[in-house]
Structure formats: C-alpha cells, structure tokens
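> the sequence and its predicted three-dimensional model are supplied below.
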Amino acid sequence: MSPAFAWNLLMVASMIRVWRRRGERFAEGAVLERQRFGGGSVMVWGGISTRLRTPLYHVVGNLTGVRYQNEILQPLVVPALQAIGPRAILQDDNAPPHRSAAVNTFIQQARVNRMLWPANSHDLNPIEHMWDELCRRVQQHHPPPANLGQLLQWLQQEWNGVPRAFICNLIHSMRQRCVECLAHNGGHTRY
C-alpha cells in the first residue's frame, strides 16, 4: 500500500516576444485571449500490490490520523490486504497521520502486518515510482487540465491505465532496493 501523494499542478506560461508597430498593441490580430487555470493542488492516495490496486482516493483537506484510519485504512486498505491474504504487508511511511496513536491501535486491532521504517530512513517504497509514472502520464495530456476536477479525472483515468506488469516490476524490485540500501550502508542508491 502507499503513503498519500500530493500532486501539485503548476501552470507554466511561456514568454513569447512579439514586435508590433506603434498603435498596434491591442489590435485585434495581436491579442490572444486566454483564460488560464490558476493552479492549485490535490492530494490523492492509492495502494498497489501484484494482485490488485485500490481505487485512487481524493483526500480533501488535511489528512489526520483519524481521517487516515476512517477514510483510507478501514474502507480501502484492510479489504485489500484481506483479499491478498495472510502474508500481505502494509508498506506505508513515517508520515505523521500514518504513525498516530489511533492508527497504531487500529493497525494492531485489525491484525495488519506492517513494514516498519526506522526514523529518517530512505523511502524505498515502490509507490513512489508509481506516482512518477502517474505524473508522466497526466503531463502527456495537452492542453493541461483546465481545472482541479479535470485533473482528478485524468489522475483516475491514468491510475487505472498503468499496466499491471509495470506495477509487478516495481514491487518485485523491493528486495533489490533493500539489498542495495544495505550494501551502501544506508547511503544513496539508484532507487
């Protein structure tokens, strides 16, 4: 499973120089009106495994431990882990909502196997590469999204469109990620 992912939509305006004669500054042929979406951000959460992926969940506002438990763990994570089977392991990170007392209690009561991360550890979670892939796929849409609703729609579409083979390769790389991290004494790796 995965930590939350914050997607920031940045609108980049390219600077184009145009030379005009005096008095033509606002001539009809020299003005191109555009309504630009002013940017903004959305946060989404998703989980992946070799067998399934959760729905992409739009997190509105700040994600607290209680919200993480009620909106993500109970309805999305626990059923997904149960579908995978008793050897399933939740791999989240050390984000404060993931490590709150309420969440830790819930994880124990729900008998969820959780991968523990030391403080200040590298984030070797394969979901980070999934987020990169999702970002690349959304950025291929032209023109850019006109609003946050369209961005969310494209995120969901592309999330569902990432091939299972891609996800399996990410997950199967986990062992090598850990081996390489140990070999470099916790230093930088290619992951």
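The structure has been received and is ready for your questions.
> list the contacts for residue 134?
When contacts are counted by C-beta atoms under 8 Å, 6 or more residues apart in numbering, residue 134 is found next to 5, 155, 158-159, 162. Every C-beta, even on glycine, is put in place using the N, C-alpha and C of the backbone.
> those in helices, which ones?
When DSSP state H defines the helices, the subset of the contacts of residue 134 inside them is 155, 158-159.
> quick check: which ranges of this structure have low pLDDT?
Counting by pLDDT under 70, the chain has low-confidence residues at 1-20, 25-40, 120-123, 191.
> and the strands in it?
Counting by DSSP state E, one finds strands in the chain at the ranges 4-9, 40-45, 57-59.
> which residue sits closest to residue 82, ignoring its sequence neighbours?
With sequence-adjacent residues excluded and distances taken as C-beta to C-beta, 6 or more residues apart in numbering, residue 82 is closest to residue 88, at 7.8 Å.
> who are the contact partners of that neighbour?
Taking C-beta under 8 Å, 6+ apart, one finds 49, 80-82, 113 in contact with residue 88.
> out of the residues you listed, who has the most neighbours?
By neighbour count, taken as other C-beta atoms under 10 Å, the most surrounded of those turns out to be residue 81 (23 neighbours).
> quick check: the gap between the nearest residue to that residue once chain neighbours are set aside and residue 74.
Once flanking residues are discounted, residue 81 sits nearest to residue 88: 4.3 Å by C-beta to C-beta, 6+ apart. As defined by C-beta to C-beta, to the nearest Å, residue 88 lies at a distance of 16 Å from residue 74.
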